[in-house]
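1. give me the fold of what follows.
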Amino acid sequence: MTVKVAILGCSGRMGRNLIQAAVENPDISIVGGTVRASSSFVDFDLGELAGIGKIGIPTTTSLSDLASADVLIDFTSIESTFENIQWCKKHNKALVIGTTGFDDEQTQQIKDAGNDMPVLLAPNTSVGVNLLFKLLEITAKAIGDYTDIEIFEAHHRFKKDAPSGTAMKMGQVIADTLGRDLKECAVYGREGITDERDPNTIGFATVRAGDIVGEHTAFFADLGERLEITHKASSRMTFAQGAMRAALWLSSVNKGYYDMQDVLGLK
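-> Alright, predicted model coming up:
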């Protein structure tokens, strides 16, 4: 039995990859996708939108046209995501959220939504990146107390939030492991003459350039040696395939708040 999936925000770069990944997954049946009312892709065939040929399913501007879906996948905007959460609550749908840029209060609202529906929030749906989070936890436990910790990330010129949601999650994993408050210890860029580095800080550096899909590195540096843990994505399909894996997993669980660590059994 296949899981029926709908893509929210399907005309964007990620949306098109999500369509392709859904069509290519034998355990998934794609039933629709949304675009903005102002989009030139209204009533456009989803397959043609993804560049894989017609599949006979047009885009829509209305969530009501997605009533047959079991799981919705949302890579839209913060405002749209909260509208989609309310619709999913009302119609008993599961929701995978790949949108990034939520603040702490907004993240808590998403967690609270898990009291009424299955919801999964993933700043990065790549399987490799979520293995990276586990490696960071292990490394922080072993050497985090005596090394300087810095996080570097690079993305394409079109990305709006900085640091990336993935970089922030990396910092949060490390801070939680070390018993630190990321709000207090994070340093976002350095300029001019600064004091000697505070060993309890976690630094972030950001690059936005060209068509970089996504690169993330955590540095654990001591005097005489350093450990670098890096993930590089060369295609958005890795995120799309991870989102399909998340959708399949989410379709099989009861209401609750989840992340990719749950999907991969890493908790």
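
2. hang on, residue 70 packs against residue 92?
-> No. Assessed by C-beta atoms under 8 Å, residue 70 is found out of contact with residue 92, at 9.8 Å. C-betas here are computed from N, CA, C, even on glycine.

3. with neighbour numbers in mind, choose between these two.
-> Taking other C-beta atoms under 10 Å, residue 70 and residue 92 do not tie; residue 70 has more neighbours (21 against 11).

4. and the more buried one, what pLDDT?
-> Residue 70 is assigned 97 on the pLDDT scale.

5. where does residue 111 fall, secondary structure wise?
-> Assigned by DSSP states H and E, residue 111 falls within helix 104-113.

6. now do the buried residues in that helix.
-> Buried residues in helix 104-113, counted by 16 or more other C-beta atoms under 10 Å: 110, 113.

7. before we move on, what about stretch 31-45?
-> For stretch 31-45, a neighbour-count test (16+ other C-beta under 10 Å) marks 31, 32, 33, 34, 35, 39, 41, 44 as buried.

8. CSV for those, including distance to residue 135, secondary structure and pLDDT?
-> Output for the buried residues of stretch 31-45, formatted as CSV (distance: C-beta to C-beta, whole Å; DSSP: H, G, I helix; E, B strand; the rest coil; pLDDT from 0 to 100):
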residue, distance to residue 135, secondary structure, pLDDT
31, 36, strand, 97
32, 37, strand, 97
33, 34, strand, 97
34, 36, strand, 96
35, 37, coil, 95
39, 40, coil, 92
41, 39, coil, 95
44, 41, coil, 95
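
9. closest one to residue 102 out of the residues you listed, please.
-> Comparing the buried residues of stretch 31-45 against residue 102 with C-beta to C-beta places residue 34 closest, at 20.0 Å.

10. dump the residue contacts of the closest one.
-> Going by C-beta atoms under 8 Å, 6 or more residues apart in numbering, residue 34 touches 6, 7, 8, 9, 10, 59, 60, 61, 62, 63, 66.

11. tell me which of these fall in strands.
-> Counted as lying in strands by DSSP state E, out of those, are 6, 7, 8.
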